[in-house]
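**Q** Task: produce atomic coordinates for the following.
(2 chains)
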Protein chains: 2
Amino acid sequence: MNAPQNIYDDPEFFAGYRKLRETGTGLNDVLEQPALWSLLPSSLRGLTILDLGCGFGGFARKARTLGAASVLGVDVSEKMLELAAQLTNDDGIEYRRMGIEELSLDGRAFDLVVSSLALHYIPDYRAVLGKIVSVLRPGGNFVFSVEHPICTALPQQQWVRDDKGEPLHWPVDNYRMEGERHTNWFVEGVVKYHRTIESYVNGLIEAGLTIQRLLEPEPLVEALVSIPDLEQQRRRPPFLVIGTRRNER
Amino acid sequence: MNAPQNIYDDPEFFAGYRKLRETGTGLNDVLEQPALWSLLPSSLRGLTILDLGCGFGGFARKARTLGAASVLGVDVSEKMLELAAQLTNDDGIEYRRMGIEELSLDGRAFDLVVSSLALHYIPDYRAVLGKIVSVLRPGGNFVFSVEHPICTALPQQQWVRDDKGEPLHWPVDNYRMEGERHTNWFVEGVVKYHRTIESYVNGLIEAGLTIQRLLEPEPLVEALVSIPDLEQQRRRPPFLVIGTRRNER
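**A** Sure, this is the predicted structure:
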């Protein structure tokens, strides 16, 4: 197997990404995170949680303040985990450097597995689902978000615009052709993997998970008021968020 | 409630549609029907079946040759049902003229409810789901196809083309704005209802159905060989097909 992609340790990428997240100018806070959290169990109290692609550890820390028993955060990026460790002072949170596709957690069992905007970087989705199910307790939940297949179908991920730069529509092409897309995000040559909604959904079902909810979230109403540009995000869905429950044996 | 739309009884529409289906030049035979049938129970033997939007009765007759106990076909179009009756000579098949949103089948119970390319004409999807579940036996299946939300988002439902008429990409806009779309298909002013995949999927779950499979089908390989133009249908999914099972009480 090839080494997992580790774009987050590219210094230029890391600087751009860190600024995006710290200034809150990305879509995560007003769109993706509210949707992801809406699909989590109503209480995290006492739960053992695995976060795949944990980044700076923001989810882990928030989950612990809400009563989670423990959170294991996994990420491929050393820089991300360094910053996560600096921001965290909690024996109930553990970070481990590991590519999601290399996941190896023998003997561990979790009540909840979450993954925020990471799985579209992974070439073999079904292999990862098998690993997730192997550490998820029956009746436990797997909740994740990815870039929406409408957005990953074409690598450029850009609106078609008129002469004045106003968005005309979002272009879709090569939807059924799954696989690598080379895109630019802070740096050139970020590799994402496009797959259909069919693949996302049926992979879960075949792995032994029941679909509980599927979201194509739009911005929070209060965010639309303060950041009118966000209205554009209603014109095509930027993310796909799915909540599942592991079937009883 | 407004009377259900009955575009199929418009003479011009009916003539165009009948020709399309009889010549097999539409996408139904090579794309939508194979996907729909792939999600049906492996045997129809002995099943009581309800077909919502039965049209010419093609599904009903095929299901009976495969051993279905009975099929009730419902359609709003008198012309469609006239032709269906002419083509059918089978006491196990009954046709009833009724809009899907007016469905009233007190005391009937079905093992399988199917609906092919009809529900995107219906304004109140959730109300229809409630009626379906009320006549579907626990453990029974509801399987249906609709035009894909990528295709119903914009009313014109056309590729963006270059100077030579070659398709450049499929345009998506107003995805989160659900509701009426006025489009032209044989005649002007056909009304369809756009809804998101989120709405299609979560409506099913909230009605008490478990998602078994979701398809965004592409043309059959053998059809691609004989009709190379079909390759275009892989560039964006024309249909969404979902298979479900009613939860036990």
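
**Q** rest of the way, CA atoms for contacts and neighbours
**A** Will do.

**Q** which bits of chain A sit near chain B?
**A** With Cα under 8 Å from any Cα of the partner chain as the criterion, chain A meets chain B at residues A:169-177, A:196-198, A:201-202, A:205, A:210-216, A:218, A:234-237.

**Q** just the helices in chain A please.
**A** Secondary structure of chain A (DSSP state H): helices at A:11-23, A:33-38, A:58-65, A:78-87, A:125-135, A:149-152, A:197-206, A:221-226.

**Q** which one of those helices is the most hemmed in?
**A** helix A:149-152 (a mean of 25; mean count of other Cα atoms under 10 Å in any protein chain shown).

**Q** Is it possible to mark the buried ones in the residues of chain A next to chain B?
**A** Listed as buried from these are A:169-176, A:196-198, A:201-202, A:205, A:210-216, A:218, A:234-237; burial here means 16 or more other Cα atoms under 10 Å in any protein chain shown.

**Q** Show me those that map onto strands.
**A** Within these, residues falling in strands by DSSP state E are A:169-172, A:210-215.

**Q** Show me the two of those that sit farthest apart.
**A** For these, the farthest-apart pair by Cα to Cα is A:H169 and A:T210; their separation is 34.0 Å.

**Q** distance from the centroid: which residue in chain A tops it?
**A** When distances are taken from the C-alpha mean of chain A, A:D163 lies farthest, 34.2 Å away, according to Cα atoms, centre = their mean.

**Q** Just the pLDDT for it.
**A** Looking at A:D163, its pLDDT is 94.

**Q** follow-up on the earlier one: show me the one of the helices of chain A that comes nearest A:L117.
**A** Of all the helices of chain A, helix A:33-38 comes closest under Cα to Cα, at 9.9 Å.

**Q** got a list of contacts for that closest one?
**A** A:116, A:143-145, A:215, A:217, A:220, A:241-242 (Cα atoms under 8 Å, 6 or more residues apart in numbering or on different chains).

**Q** Give me the contact list for the lengthiest strand in chain A.
**A** When chain A is parsed with DSSP E, its longest strand is strand A:136-147. Under the criterion Cα under 8 Å, 6+ apart, residues A:32, A:36, A:39-41, A:109-120, A:238-249 lie in contact with strand A:136-147.

**Q** and if you look at stretch A:68-88?
**A** A:4, A:6-9, A:14, A:44-58, A:60-61, A:63-64, A:92-100.

**Q** repeat that with 7 Å
**A** A:6, A:8-9, A:44-57, A:60, A:64, A:92-99 (Cα atoms under 7 Å, 6 or more residues apart in numbering or on different chains).

**Q** What remains of those if I keep only buried residues?
**A** Buried, going by 16+ other Cα under 10 Å: A:8, A:44, A:47-57, A:60, A:64, A:93-95, A:97-99, out of those.

**Q** Low-confidence ranges, chain A, go.
**A** Low-confidence segments of chain A (pLDDT under 70): A:1-3, A:22-25, A:249.

**Q** With just CA atoms, put stretch A:241-249 into CSV.
**A** Written as CSV, here are the backbone C-alpha positions of stretch A:241-249 (Å, rounded to 0.1, in the frame of the first residue of the first chain):
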residue,chain,number,x,y,z
VAL,A,241,-23.1,14.1,6.4
ILE,A,242,-24.4,10.7,7.4
GLY,A,243,-25.4,9.2,10.8
THR,A,244,-25.5,5.4,11.2
ARG,A,245,-25.9,2.8,13.9
ARG,A,246,-24.0,-0.5,14.0
ASN,A,247,-26.4,-3.4,13.7
GLU,A,248,-26.7,-5.9,16.6
ARG,A,249,-24.9,-9.1,15.8
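
**Q** tell me which residues of that stretch are tucked away?
**A** Applying 16+ other Cα under 10 Å to stretch A:241-249 flags A:241-247 as buried.

**Q** from the chain's centre, how far out does it sit?
**A** Distance of stretch A:241-249 from its chain centroid, counting by Cα atoms, centre = their mean, to the nearest Å, is 17 Å.

**Q** One more: stretch A:32-41?
**A** 11 Å.

**Q** Endpoint to endpoint, it covers what distance?
**A** 17 Å (Cα to Cα, to the nearest Å).

**Q** just stretch A:112-125 next, same as before
**A** From its first residue to its last, stretch A:112-125 covers 18 Å (Cα to Cα).

**Q** And stretch A:103-115, by the same measure?
**A** First residue to last in stretch A:103-115 (Cα to Cα) measures 13 Å.

**Q** now, the most widely separated pair of the contacts of helix A:33-38?
**A** Taking Cα to Cα, no two of the contacts of helix A:33-38 sit farther apart than A:V143 and A:L220, at 19.6 Å.

**Q** before we move on, the earlier item: for the longest strand of chain A, list the C-alpha coordinates in PDB.
**A** In PDB, the C-alpha atoms belonging to strand A:136-147 read as follows (Å, rounded to 0.1, in the frame of the first residue of the first chain):
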ATOM      1  CA  LEU A 136     -17.500  -0.100  17.000                       C
ATOM      2  CA  ARG A 137     -19.700  -1.800  19.600                       C
ATOM      3  CA  PRO A 138     -23.000  -3.200  18.400                       C
ATOM      4  CA  GLY A 139     -25.600  -0.500  18.700                       C
ATOM      5  CA  GLY A 140     -22.800   2.200  18.600                       C
ATOM      6  CA  ASN A 141     -22.800   5.100  16.200                       C
ATOM      7  CA  PHE A 142     -20.600   6.100  13.200                       C
ATOM      8  CA  VAL A 143     -21.200   9.700  12.100                       C
ATOM      9  CA  PHE A 144     -19.100  11.400   9.400                       C
ATOM     10  CA  SER A 145     -19.000  14.200   6.900                       C
ATOM     11  CA  VAL A 146     -17.300  14.400   3.500                       C
ATOM     12  CA  GLU A 147     -17.200  16.900   0.700                       C
END
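
**Q** So what angle separates the directions of it and strand A:209-215?
**A** 30 degrees (axes from the mean of the first three to the mean of the last three Cα atoms, to 10 degrees).

**Q** and A:L50, how far is that from A:I93?
**A** 10 Å.

**Q** typed the wrong thing, it's A:V221
**A** 33 Å.

**Q** likewise A:Y193?
**A** Taking Cα to Cα, one finds A:Y193 at 30 Å from A:I93.

**Q** can you pull the buried residues of the longest strand of chain A?
**A** For strand A:136-147, by 16+ other Cα under 10 Å, it's A:136-147.

**Q** Now do the end-to-end distance for stretch A:104-111.
**A** 17 Å.

**Q** So what touches that stretch?
**A** A:47-50, A:135-137, A:140-141.
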